[in-house]
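**Student:** Below: sequence and its predicted model.
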Amino acid sequence: MSLPRVLSIQSHTVHGYVGNKSAVFPLQLLGFEVDPINSVQFSNHTGYAGGFRGEVLQGAQLTALVDGLHSNGLLEGYACVLTGYIGSASFLHAVLDV
């Protein structure tokens, strides 16, 4: 019997535990197979006084990742899609097409 699959579309930080960094491991412990897509990659949480650095993915980048999953038959069979922090409007619109 295969594990239930989750597509997790959330943020990622290098320092700290938020978004996919805090979601993937607990879901795996609960018996889920988790495929994470990072909506952003930041140095740290955005609440730090010194700010943060990093990249925000755009909708076209999410579409390309999802197309790659689809081309290899990997997009089928998710039990759910888990979303979190989305850093751009175009990315959010692309999430609706997943």
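**Tutor:** Cool, got the structure. Residues are numbered from 1 along each chain as shown.
**Student:** what helices or strands is the top helix by length along the chain leaning on?
**Tutor:** Looking only at the chain and at elements set by DSSP state H, the helix with the highest residue count is helix 59-71. Contact partners of helix 59-71 among helices and strands, from 3 or more Cβ pairs under 8 Å, 6 or more residues apart in numbering; DSSP states H and E: strand 33-42, helix 89-95. For every residue, glycine as well, the C-beta is placed using N, CA and C.
**Student:** Out of those, the one nearest residue 59 is which?
**Tutor:** helix 89-95 (3.3 Å; Cβ to Cβ).
**Student:** Need the contact partners of the closest one.
**Tutor:** By Cβ atoms under 8 Å, 6 or more residues apart in numbering, the residues outside helix 89-95 that reach it are 9, 39, 56-63, 66, 83, 86.
**Student:** at 10 Å instead, please
**Tutor:** Residues from elsewhere that reach helix 89-95, judged by Cβ atoms under 10 Å, 6 or more residues apart in numbering: 9, 37, 39-40, 56-66, 81, 83, 86, 88.
**Student:** just the buried members of those?
**Tutor:** By neighbour count, with 16 or more other Cβ atoms under 10 Å, the contacts of helix 89-95 hold 9, 37, 39-40, 56-57, 59, 61-63, 65-66, 86, 88 as buried.
**Student:** Reformat those residues as TSV; add distance to residue 50 and pLDDT.
**Tutor:** Compiled in TSV, the buried ones among the contacts of helix 89-95 are given as follows (distance: Cβ to Cβ, whole Å; pLDDT from 0 to 100):
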residue	distance to residue 50	pLDDT
9	27	98
37	27	98
39	22	98
40	17	98
56	19	98
57	23	98
59	29	98
61	27	98
62	29	98
63	33	98
65	31	98
66	34	97
86	24	96
88	23	97
